[in-house]
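Visitor: how would this look folded up:
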Amino acid sequence: MDREAIVAAIRSEEAALKRAGVKSLALVGSSARESRRQDSDVDVLIDVEDASRFSLMDRIGVMHLLGDRLGLPVDVSRRDTLNSLVRARMMMEAIKIF
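Guide: Numbers count the residues shown, from 1 in each chain. So this is what the prediction gives:
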């Protein structure tokens, strides 16, 4: 699956993701760089509406929602929990979806 197809598939789930508490989402990693291999997962970076109420189970729910839609493994990271150096590097290559 190429980057445009991944972005379109994720964008089609925007309403469901927002209902789950996702405020914004960006594609990062090999999918954003267009260097994804067949065995690569899809990495996304999210911001959430209310960090105190967004639980690990909510994050897993987002992973499953996107994984089911894409038919690929998905890794979800919250921007506010990343080390500042990692976050800065990820944001340089990020493709904002919403």
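
Visitor: quick one, strands of the chain?
Guide: 22-28, 42-48, 74-78, 95-96 (DSSP state E).

Visitor: restricting to C-alpha, output the first one in CSV.
Guide: By that I understand strand 22-28. The C-alpha atoms that make up strand 22-28 are tabulated as CSV, following Å, rounded to 0.1, in the frame of the first residue of the first chain:
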residue,chain,number,x,y,z
VAL,A,22,-8.1,11.9,18.7
LYS,A,23,-7.7,15.6,18.0
SER,A,24,-5.1,15.4,15.3
LEU,A,25,-3.2,12.6,13.5
ALA,A,26,-0.1,12.5,11.3
LEU,A,27,1.6,9.7,9.3
VAL,A,28,5.2,9.2,10.3
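
Visitor: ok, residue 25 to residue 2 distance?
Guide: 18 Å (CB to CB, to the nearest Å). For the C-beta atoms, the positions are set from N, CA and C on the backbone; glycine is no exception.

Visitor: the two: who's more crowded?
Guide: Set residue 25 next to residue 2 and count neighbours by other CB atoms under 10 Å: residue 25 wins out with 25 against 10.

Visitor: ok, the more buried one touching residue 98?
Guide: Yes - Residue 25 lies in contact with residue 98 (CB atoms under 8 Å); the separation is 5.8 Å.
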